[in-house]
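> below is the sequence, then the predicted model.
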Amino acid sequence: MIHRLETNKLRNVAKFFAHLLDTDALPWNVLSYIRLTKDDTTSSSHIFIKILFQELSEHLGIRLLNERLSDPLMQTDFKSIFPKDHPRNTRFAINFFTSIGLGGIIENLREYLKNMPRLIMQQQNVVDLDESGSSSPSSSNSSSSSESESEKK
């Protein structure tokens, strides 16, 4: 819907949403509807997100905005704005907020990206351990499935 608005109307809508969020007239979990990835955003959504967050920063201040966005109870609602699903999406969000002058709100995302290789290695070690210890259970699953097939006949 946002991509259909001309720039001036887009700016007004973003400012309106920022005002509603700033005054808590709108719950912050509405931000979960924004997906900030290269594949999911258009130039219009870039403008909307840029103005929205710049207005929030102007009204709340960067410190309070960062506190709101760092609230542990709200992290699931913000995961689409600050994606951690793929390094490419994480970098895109970091670059976006840095380019609009709000690099201060993504410090935890930078830290996550910096530690991502270590996290991937830890996850890979867990998968390797699971695979090396799971050879016997998988064979028992195949025998139980063949037993159930013979019971059907």
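Happy to help now that I have it.
> starting at the chain centroid, how far to stretch 86-98?
10 Å (C-alpha atoms, centre = their mean, to the nearest Å).
> got it, and stretch 2-18?
On the basis of C-alpha atoms, centre = their mean, stretch 2-18 sits 22 Å off its chain's mean C-alpha point.
> repeat for stretch 24-40
Chain-centre distance of stretch 24-40: 9 Å, with C-alpha atoms, centre = their mean.
> average pLDDT for it?
Averaging pLDDT along stretch 24-40 yields 95.
> pull out the buried residues from it.
Using 16 or more other C-beta atoms under 10 Å as the test for burial, stretch 24-40 gives 28, 31, 34, 36-37. Where C-beta positions appear, they are placed from N, C-alpha and C, glycine not excepted.
> could you dump stretch 94-109 to CSV, C-alpha only?
Coordinates of each C-alpha in stretch 94-109 appear next as CSV, following Å, rounded to 0.1, in the frame of the first residue of the first chain:
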residue,chain,number,x,y,z
ILE,A,94,23.0,-2.0,9.5
ASN,A,95,23.8,-0.2,6.3
PHE,A,96,20.3,1.3,6.1
PHE,A,97,20.3,2.7,9.6
THR,A,98,23.9,4.0,9.3
SER,A,99,23.0,5.7,6.0
ILE,A,100,20.1,7.6,7.6
GLY,A,101,22.2,8.8,10.5
LEU,A,102,20.9,6.3,13.1
GLY,A,103,23.8,3.9,13.4
GLY,A,104,23.5,4.3,17.2
ILE,A,105,20.4,2.2,17.4
ILE,A,106,22.0,-0.9,15.7
GLU,A,107,25.0,-1.4,17.9
ASN,A,108,23.7,-4.8,19.2
LEU,A,109,23.1,-5.8,15.5
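> just to revisit the earlier point, redo the buried residues of stretch 24-40 as JSON lines? Include secondary structure and distance to Ser70.
Output for the buried residues of stretch 24-40, formatted as JSON lines (DSSP: H, G, I helix; E, B strand; the rest coil; distance: C-beta to C-beta, whole Å):
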{"residue": "Trp28", "secondary structure": "helix", "distance to Ser70": "12"}
{"residue": "Leu31", "secondary structure": "helix", "distance to Ser70": "13"}
{"residue": "Ile34", "secondary structure": "coil", "distance to Ser70": "17"}
{"residue": "Leu36", "secondary structure": "coil", "distance to Ser70": "17"}
{"residue": "Thr37", "secondary structure": "coil", "distance to Ser70": "21"}
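> many thanks, I have nothing further to ask.
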